[in-house]
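Asker: 3D model of this:
(2 chains)
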Protein chains: 2
Amino acid sequence: MIRSGAQMARRLSAGFLSRGPLFSAGAPAAGVPLGPGTVRTMVQALPWPFSSQPRDFSLPNSSWGSEMMRLYEHYNSQCEVVTEAGERQRGPWRRLPSYNRSLKYATGGVYLSKLIQSKARLFTRNIRAPGAAFEYVVFVNKEEQRCVCVFQAGHLLEGPPGHVHGGAIATMIDAVTGTHAAYLSGPVMTANLNINYRSPIPLGSTVLIESCLDKNEGRKTFLSCKVTSTDGSKLHTEATGLFLSITVGKLLGV
Amino acid sequence: MIRSGAQMARRLSAGFLSRGPLFSAGAPAAGVPLGPGTVRTMVQALPWPFSSQPRDFSLPNSSWGSEMMRLYEHYNSQCEVVTEAGERQRGPWRRLPSYNRSLKYATGGVYLSKLIQSKARLFTRNIRAPGAAFEYVVFVNKEEQRCVCVFQAGHLLEGPPGHVHGGAIATMIDAVTGTHAAYLSGPVMTANLNINYRSPIPLGSTVLIESCLDKNEGRKTFLSCKVTSTDGSKLHTEATGLFLSITVGKLLGV
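Answerer: Next up, the predicted model:
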């Protein structure tokens, strides 16, 4: 599948970020883990359907458990570092924002407008209730050519009783490796996913999904991916992904 | 992933079927394709949340387009045949019912009750709005060791602009091959899925997903799967699946 739409949106819509993303859930509920102060101050109380600004789903919400928050803060704190002289500098990691339409917030010409169907939603962000389905945030490390996703699996992702559906795991692997491939190589489409399921993932748990670049060969980007427990001790799933670079014209279907 | 929960539920809850499944959407809207008369008469007007009976999602609803209905009727009409003497006999195909919990409607002892989490829902049936996400029905042909799924992809499954997410396609491949493997071999878990994406699937379209048995080797069941346009002329996706037989104890986590 063509996988770079989300990436394009991320690049094209980066200007929105500084204006502050919204949470559809409003203010986080008391007694649940909260984001750091800098994140908290960005929360606005406007209900989602009446806002023209996109919601960035990669920011903390009230459904995020303590493990999800701990890992978010671990990587987020490395997105910007302060030097000894007190200067702010870009850190080794970068958080990628995430919206519920690939191109909804992109600027584009006639070709983009043709593609926008008002009801269509990105598969991994199609459920509004926080915590019900896919809660995840992707960080990328350019120097190490590595991507890490912190993923909390909600109760609507059930496959075997009490465990995450194999298709939901495949979906996250496609999303993370596809995001990583597009970050490295520009517009791509998934050509192959080869997934080995080693150990089921309990529903409600938080896991780490790591993507590493294996090699680039012409139009081909080869990646490896692992899904593990957050301490790395348990391997849930292993996969490889092959992505083909495509032209922007092909991406837009022109 | 352990993949036989749905199958177990299908077998264990077969008794429910004769009492007539429900549609959460109530009566089909005017002007949209309707099921055959026999199906239509089974529709009951009780709203879903107040019913203790499970909804069988594999039966037609008002969101099914003409292509989905045509193929449903094609295979459904071959589930029961009438002989020259006027006797009703089982045909070559069998429709498999589909619920939104693996074990919710199963009878079982203490182990089953431990597993039932009130909010958990099967990933492929987690959205109530008809037509919004996965609309599908699976038919199995025991003699030919073949399974066919008619799948209509809703607007909430978007990946690339205007097309179905690779993860949603992987999900359907896992669901269909997993269902087929469990039908052939009893309780199984998915060990491997190897998916080649050949051509994107337009959002809203109806496609055929066919699963064929390649071989059985001890605990291993090997299957092949193809996703094609409904006339078979366009190959969208090819995949293989490897499933491992497990004990019922392992399935239930005891």
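
Asker: quick one: the strands in the stretch 101-250 of chain A?
Answerer: With strands called from DSSP state E, counting those that start in this stretch, the stretch 101-250 of chain A shows them at A:134-141, A:146-153, A:188-197, A:206-217, A:220-229, A:235-245.

Asker: Which one, of these, ends up nearest to chain B?
Answerer: Nearest of the strands of the stretch 101-250 of chain A to chain B, taken as C-beta to the nearest C-beta: strand A:188-197 at 4.6 Å. Backbone N, C-alpha and C define where each C-beta goes, glycine included.

Asker: With just CA atoms, put that closest one into CSV.
Answerer: Below are the C-alpha coordinates for strand A:188-197, written out as CSV (Å, rounded to 0.1, in the frame of the first residue of the first chain):
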residue,chain,number,x,y,z
VAL,A,188,6.9,4.9,-0.6
MET,A,189,4.4,2.1,-0.8
THR,A,190,4.5,-1.2,1.2
ALA,A,191,5.4,-4.0,-1.1
ASN,A,192,5.9,-6.8,1.5
LEU,A,193,5.3,-7.5,5.2
ASN,A,194,6.6,-10.7,6.7
ILE,A,195,5.4,-11.1,10.2
ASN,A,196,6.3,-13.8,12.8
TYR,A,197,4.1,-13.9,15.8
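
Asker: which secondary element of chain A has the worst mean pLDDT?
Answerer: Here the helix or strand of chain A ranked lowest by mean pLDDT, DSSP states H and E is helix A:14-17, holding a mean of 26.

Asker: close to chain B, is stretch A:230-246?
Answerer: No. Stretch A:230-246 lies out of reach of chain B by C-beta under 8 Å from any C-beta of the partner chain, never closer than 8.9 Å.

Asker: list the buried ones in that stretch?
Answerer: Applying a neighbour-count criterion of 16 or more other C-beta atoms under 10 Å in any protein chain shown, one finds A:Thr230, A:His236, A:Thr237, A:Glu238, A:Ala239, A:Thr240, A:Gly241, A:Leu242, A:Phe243, A:Leu244, A:Ser245, A:Ile246 buried in stretch A:230-246.

Asker: Same question for stretch A:194-201.
Answerer: For stretch A:194-201, the neighbour count (16+ other C-beta under 10 Å) marks A:Asn194, A:Ile195, A:Tyr197, A:Pro200, A:Ile201 as buried.

Asker: per-residue confidence for the first one?
Answerer: At A:Asn194, the model reports a pLDDT of 98.

Asker: which residues does it form a beta bridge with?
Answerer: With DSSP bridges applied, A:Asn194 shows beta-bridge pairing to A:Thr240, B:Asn194.

Asker: residues contacting it?
Answerer: A:Asn194 makes contacts with A:Ala239, A:Thr240, A:Gly241, B:Asn192, B:Leu193, B:Asn194, B:Ile195, as judged by C-beta atoms under 8 Å, 6 or more residues apart in numbering or on different chains.

Asker: will you turn the strands of the stretch 101-250 of chain A into JSON lines that also has distance to A:Leu96?
Answerer: Shown next, in JSON lines, are those (distance: least, C-beta to C-beta, whole Å):
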{"stretch": "strand A:134-141", "distance to A:Leu96": "5"}
{"stretch": "strand A:146-153", "distance to A:Leu96": "9"}
{"stretch": "strand A:188-197", "distance to A:Leu96": "15"}
{"stretch": "strand A:206-217", "distance to A:Leu96": "12"}
{"stretch": "strand A:220-229", "distance to A:Leu96": "15"}
{"stretch": "strand A:235-245", "distance to A:Leu96": "16"}
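
Asker: nearest to B:Arg95, of the ones you listed?
Answerer: Nearest to B:Arg95 among the strands of the stretch 101-250 of chain A is strand A:188-197 (27.7 Å), distances taken as C-beta to C-beta.

Asker: Work out the gap between the closest one and the centre of the chain.
Answerer: Distance, stretch centre to chain centre, for strand A:188-197: 17 Å (C-alpha atoms, centre = their mean, to the nearest Å).

Asker: Looking at the strands of the stretch 101-250 of chain A, spot the one closest to B:Gly218.
Answerer: Checked against C-beta to C-beta, the stretch from those lying closest is strand A:188-197, at 18.3 Å.

Asker: got the angle for the closest one vs strand B:188-197?
Answerer: 160 degrees (axes from the mean of the first three to the mean of the last three C-alpha atoms, to 10 degrees).

Asker: my guess is A:Asp81 meets A:Trp93, correct?
Answerer: Quick fix: residue A:81 reads Val, not Asp. No. Look at A:Val81 against A:Trp93 with C-beta atoms under 8 Å: they stay out of range, at 9.9 Å.

Asker: more neighbours, these two?
Answerer: A:Trp93 (22 against 13; other C-beta atoms under 10 Å in any protein chain shown).

Asker: right, and that one touches A:Tyr72 too?
Answerer: No. Contact criterion C-beta under 8 Å: A:Trp93 and A:Tyr72 do not qualify, at 11.2 Å.

Asker: Spell out the residue ranges of the helices in chain A.
Answerer: For chain A, the helices defined by DSSP state H cover A:5-12, A:14-17, A:37-40, A:66-76, A:110-115, A:166-185, A:248-251.

Asker: quick one: contacts for the residue nearest to A:Ile127 when sequence neighbours are not counted?
Answerer: Excluding its sequence neighbours, the residue lying closest to A:Ile127 (C-beta to C-beta, 6 or more residues apart in numbering or on different chains) is A:Ala133, at 4.3 Å. Counting by C-beta under 8 Å, 6+ apart, A:Ala133 touches A:Thr124, A:Asn126, A:Ile127, A:Gly154, A:Leu156, A:Leu157, B:Asn126.

Asker: between the strands of the stretch 101-250 of chain A, which one is nearest to B:Thr221?
Answerer: Across the strands of the stretch 101-250 of chain A, B:Thr221 has its closest neighbour in strand A:188-197 (14.2 Å, C-beta to C-beta).
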